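**Q** give me a 3D structure for the following:
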Amino acid sequence: MGKKKSNPAVTPRMKTALLASASLGVFATASLAQVDNPDAPLQMRTDYFGYAVSASGRVGYSDNINLQRSGLEEDEFVLSTLFSGGAIYSTPRVTALIMGDLDFSYLINQSDFAINQNIAATSTFTGVENWLYFDLSGSTSRQLLGDQARFSGNINAGRNQRANVHSYSASPYVFHEFADDSSAELRYRFSQVFVDETNSLSSFFTGNSVNDSITHEVLAQYDTGRKLGRARLALNAYGSDTTEDGISIFPDIGYRQGYLSADMQFSLTDRFALSGGIGYDEVETQGAAAAFFSDSDLSGFFWRAGFTARPGPRSSVRIEYGERYGDDFIDASARYQISQRFVFSAGASRSFRTRAQSVSSQFRTTQRETLEFADRLREGQELSARSVIEAANWFSSGRNFGNAQTNGVSVSDSAFASLTGDFDLTELSLNGFYSEDDFGYRQIETYGGSLNLRRRMARRLTGYTSVQYRRADTTFDAASCIANPLIFGLDTMDPLFDPVTSCASLAAQNGVTHTVIGQIGASYRIYQNASVFAEISHTERFSPNALLEYDENNILAGITVDF
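**A** Below is the predicted model:
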């Protein structure tokens, strides 16, 4: 394994990349990372350990800390300390990453102490090279409760609209690559999500609660690789069992899914191939989900067909059209490294899963990417750690802006696009996202995007600004609410309960909303590792329903020290 050490020629570069990644958090202040070249490459000669930590003391003011509608605003002064950073550790048998932010705040007017966290870790262990591996990942963050929960650019605003979401995923697996370039994998994965919504008002605003989730998954795969020449075939067998445990008045929700599939690719040229797949789904809904989904509609044959292309050495695209879970869809991915510092990526997919399960599913490819990243470094390549760190710290991605937890299982279509650039004096990122979720008893459509811009104005002065937009449209069938009030979070044991009145009141809390957040700020480096900063943000939500509208102004200033 070699002697573990911190390479002095590499560590500063690693710290730069780690700090740059930390600054991408949607709800974190943009003043944390003051870097010249956040995409500096790494080169590993032996084992590697690198870390980065910054501490920021801050004072802030909000004119609407609870994000109430006009006439009900309450202001608040906040004192806080934010710790941000991460570490990477790699040996021939272990590679691990941890990234995140941890904020401790004191709300003066409310005399209340608050903690906000966004932390993720991922690791992969090699038991027997080219045979036995073990992946372990976890995350903890504060997320919105319900798709119409209130949020702003201030991490302490609307705290009763969020909950702590903790998740972990453990996966032992056997993977073997044969001499003919074919490979086989046999994997088991256990993932669990805990949602702590103590003191939240999610039921009041969204009409539902969020449950803990457990998922068991098994996967067997054989990939021919280059064994068949121009043709490539991957055979898959998959099974899963997911349960959201009911709490209080809420029933259990769950489903079982199994499928057999064959993914195919046939290269017509070195840069263009026909691709697609066929398979069969067997889905069994359980608990409350069975009342809103027909297993026969979800089960059956599925297919997709399209093409995969590599127009150049720095670009790739895959676009496939198909049908699954009773409707057509597009499955796609694209990446184009326009230049060494300018990258475009996009993707689209269709899935059947719970929101809680989607938290742990973010880790599915991260471990393999982490392992391959370390292997390529050991082979002598110079690589940027940014993409791997962002994957581990998935909640800091702009396309997850406004990520919300809600109960139930849904058929979901999602898409995203991202454009990032890092120039000598300027960094920018442009992200867009779209999702459409059908929970059977309610439908949710969200889309939006964000633009982040940072520019070094002078040797010590950096300015930054961002604009974020999110549209949410939540609808449900009143007849379904009256017939199944429990799944909507309504207490049927209340002596005054009336299903018609209660469902009408719930409908008033749903509809179309448009949330816009604008931020502008600047930081000034007063010492080699210390900067002072000040920023102001404005959040406003528009809606045809006046009950859903609010706005907030927030001012924040402080000092950041890098270690």
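**Q** now do the helices in the stretch 451-563 of the chain.
**A** All helices of the stretch 451-563 of the chain, identified by DSSP state H, counting those that start in this stretch, fall at 478-483, 499-507.
**Q** relative to Met99, which of those helices is closest?
**A** Relative to Met99, the nearest member of these by CB to CB is helix 499-507, separated by 38.4 Å. Every C-beta, even on glycine, is put in place using the N, C-alpha and C of the backbone.
**Q** and the closest one, how far from the chain's centre?
**A** Relative to the centre of its chain, helix 499-507 is centred 33 Å away, using CA atoms, centre = their mean, to the nearest Å.
**Q** list the contacts of Phe423.
**A** For Phe423, the contacting residues are Arg341, by CB atoms under 8 Å, 6 or more residues apart in numbering.
**Q** what do you get for Leu260?
**A** Taking CB under 8 Å, 6+ apart, we find Leu260 in contact with Asn236, Ala237, Tyr238, Gly279, Tyr280.
**Q** that one is in what secondary structure piece?
**A** Using DSSP states H and E, the element containing Leu260 is strand 253-267.
**Q** give me the buried positions along that strand.
**A** Under the neighbour-count criterion of 16 or more other CB atoms under 10 Å, strand 253-267 has 253-259, 261, 263-267 buried.
**Q** can you check stretch 271-289 too?
**A** Along stretch 271-289, these residues count as buried under the neighbour rule (16+ other CB under 10 Å): Ala273, Ser275, Gly276, Gly277, Gly279, Asp281, Val283, Thr285, Gln286, Gly287, Ala288, Ala289.
**Q** among those, which one has the lowest pLDDT?
**A** Here the lowest pLDDT out of the buried residues of stretch 271-289 sits on Ala288, with 70.
**Q** next, the residue lying farthest from the centre of the chain: phi, psi?
**A** Computed with CA atoms, centre = their mean, the residue of the chain farthest from its C-alpha average is Pro495, at 41.3 Å. Main-chain dihedrals, Pro495, degrees, to the nearest 10: phi -60, psi -30.
**Q** begin at 14 from now on, thanks
**A** I'll keep to 14 as the first residue from here, and by that count the last item is Pro508.
**Q** can you tell me how far it is from Asn497?
**A** In this view, Pro508 and Asn497 are 20 Å apart by CB to CB, to the nearest Å.
**Q** that older thread, turn the contacts of Leu273 into TSV, including distance to Gln456.
**A** As requested, the contacts of Leu273 are exported to TSV (distance: CB to CB, whole Å):
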residue	distance to Gln456
Asn249	30
Ala250	32
Tyr251	27
Gly292	26
Tyr293	27
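**Q** so which of these belong to strands?
**A** Counting by DSSP state E, the part of these found in strands is Asn249, Ala250, Tyr251, Gly292, Tyr293.
**Q** which residue packs closest to the fourth one, ignoring adjacent ones?
**A** Leaving out its chain neighbours, the residue that sits closest to Gly292 by CB to CB, 6 or more residues apart in numbering is Ser274, at 3.0 Å.
**Q** list the contacts for the one you found?
**A** Here Ser274 is in contact with Leu248, Asn249, Tyr251, Gly290, Ile291, Gly292, Tyr293, Phe315 (criterion: CB under 8 Å, 6+ apart).
**Q** which parts of the helix or strand harbouring the last one are buried?
**A** Read it as Phe315. According to DSSP H and E, Phe315 maps onto strand 313-322. Within strand 313-322, the residues scored as buried using 16+ other CB under 10 Å are Gly313, Phe315, Arg317, Gly319, Phe320, Thr321, Ala322.
**Q** neighbouring strands for that strand, and are they parallel or not?
**A** Here strand 313-322 is paired, per DSSP bridges, with strand 285-300 (antiparallel), strand 328-337 (antiparallel).
**Q** now do the buried residues in the shortest one.
**A** Buried residues in strand 328-337, defined by neighbour count with 16+ other CB under 10 Å: Ser329, Val330, Arg331, Ile332, Glu333, Gly335, Arg337.
**Q** which of these sits closest to Arg200?
**A** Distance to Arg200 across the buried residues of strand 328-337 (CB to CB) is lowest for Arg337, with 21.9 Å.
**Q** quick one: terminal-to-terminal distance for stretch 112-132?
**A** 6 Å (CA to CA, to the nearest Å).
**Q** what's near enough to touch Glu230?
**A** By CB under 8 Å, 6+ apart, the contact set of Glu230 is Arg200, Tyr201, Arg202, Phe203, Ser204, Tyr251, Gly252, Ser253.
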